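1. got a predicted structure plus its sequence, pasted below:
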Amino acid sequence: MKMFIAGGLLLLLLAVPQGAHAQRLGIGARAGFQGFGGEAAIELSRSLVVRGGYGVFPVDFTGDYSGVSYTVTPPSSIGTVGIDIYPGGRGFRLMAGLMNRSGDVELQSGDLAEGGPVEIGDREYEGQAGFITGILETTSTAPFVGIGFGRHTAPGLGLFLDFGVAFVGDPEVRLDASGPIRDAPGFLEDLEKEEREIEDAGGSFLKYWPVFSVGIKLGIG
């Protein structure tokens, strides 16, 4: 992941015209859908800044689907590298670049025997012990675009905000199970239907990863 960020910054710097030179630097701390982490920015001109960041996800989330309670584990880390374009030379910016995730989103259900009936595929199951695990697979490296507010390289402390989307492509949901329920007649076929239903229910939403971060920055130089 760190090699991805360093390599991306190097390629962007090589692509800059020879007459350009770094004027200011900026560092920052961020939190959002790209995790909790830090950023660094290099100002190449009043209108162009190269920026890279790295974040981790220290917490899991919970959610229900078809009566099944899942613990959702995000990717362990996300790195970003790209450019910020300031049309007016001030705080509003357009941004574009690449996002790289370390791993996929993982799902882990609680014991299906606990609580009420659950629907897997087109069939209802109740009182059968077992667990469902899953992975939501999309491309690990994806382009992103968006807008933002706040200039990382402006002198002193300040706030910044990013809004955008990364295009991760068509998802593939893979589910498996353990415990006695796995041997129930027709259960594996129902689990395959559940995979398709999750993909269909997510629709185009699962093709995108939200790019949203809020943070504090320090401009240097």
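-> Nice, I can see it.
2. CA only for contacts and neighbour counts going forward, please
-> Noted.
3. list the buried residues in the top helix by length along the chain.
-> The helix spanning the most residues in the chain, taking DSSP state H as the definition, is helix 187-202. Neighbour-count burial for helix 187-202, with 16 or more other C-alpha atoms under 10 Å as criterion, is recorded at Phe187, Leu188, Asp190, Leu191, Glu192, Lys193, Glu194, Glu195, Glu197, Ile198, Glu199.
4. now do stretch 47-57
-> Applying a neighbour-count criterion of 16+ other C-alpha under 10 Å, the buried positions in stretch 47-57 are Leu48, Val49, Val50, Arg51, Gly52, Gly53, Tyr54, Gly55, Val56, Phe57.
5. excluding sequence neighbours, find me the nearest residue to Val81.
-> Nearest non-adjacent residue to Val81, counting by C-alpha to C-alpha, 6 or more residues apart in numbering: Gly52, 4.1 Å away.
6. pLDDT weak spots in the protein?
-> Under the criterion pLDDT under 70, the flagged ranges of the chain are 1-22, 89, 203-204, 221.
7. if we go to 80?
-> Scanning the chain for pLDDT under 80 picks out the ranges 1-23, 65-67, 89-90, 115-116, 201-205, 221.
8. give me the contact list for the helix or strand encompassing Leu159.
-> Taking DSSP states H and E as the definition, one finds Leu159 inside strand 156-167. Contacts to strand 156-167, defined as C-alpha atoms under 8 Å, 6 or more residues apart in numbering, come from residues 99, 142-152, 207-220.
9. that older thread, are we agreed that the residue nearest to Val81 is in a strand?
-> Yes. Counting by DSSP: H, G, I helix; E, B strand; the rest coil, Gly52 is part of a strand.
10. next one: it from Ser45, what distance?
-> According to C-alpha to C-alpha, to the nearest Å, Gly52 and Ser45 sit 17 Å apart.
11. kindly report the same for Phe187.
-> Counting by C-alpha to C-alpha, the separation of Phe187 from Ser45 is 60 Å.
12. coming back round to it: report the buried members of the contacts of strand 156-167.
-> In the contacts of strand 156-167, burial by neighbour count holds for 99, 142-152, 207-220, counting by 16+ other C-alpha under 10 Å.
13. burial of the closest residue to Phe187 other than its chain neighbours, as a residue count?
-> Beyond its immediate neighbours in the sequence, the residue positioned closest to Phe187 (C-alpha to C-alpha, 6+ apart) is Ile181, lying 7.3 Å away. The local packing count at Ile181 equals 20, with neighbours defined by other C-alpha atoms under 10 Å.
14. now swap in the one 3 residues further on and tell me
-> In terms of burial, Ala184 registers 11 neighbours under the definition other C-alpha under 10 Å.
15. now do the longest helix of the chain: which elements does it pack against?
-> Based on contacts counted as 3 or more C-alpha pairs under 8 Å, 6 or more residues apart in numbering; DSSP states H and E, the elements that helix 187-202 packs against are strand 118-120, strand 172-178.
16. what's the angle between the last one and helix 187-202?
-> Looking back up the chat, that one is strand 172-178. What separates the directions of strand 172-178 and helix 187-202 is an angle of 150 degrees, with axes from the mean of the first three to the mean of the last three C-alpha atoms, to 10 degrees.
17. now do the buried residues in strand 172-178.
-> Judged by neighbour count (16+ other C-alpha under 10 Å), strand 172-178 contains these buried residues: Glu172, Val173, Arg174, Leu175, Ala177.
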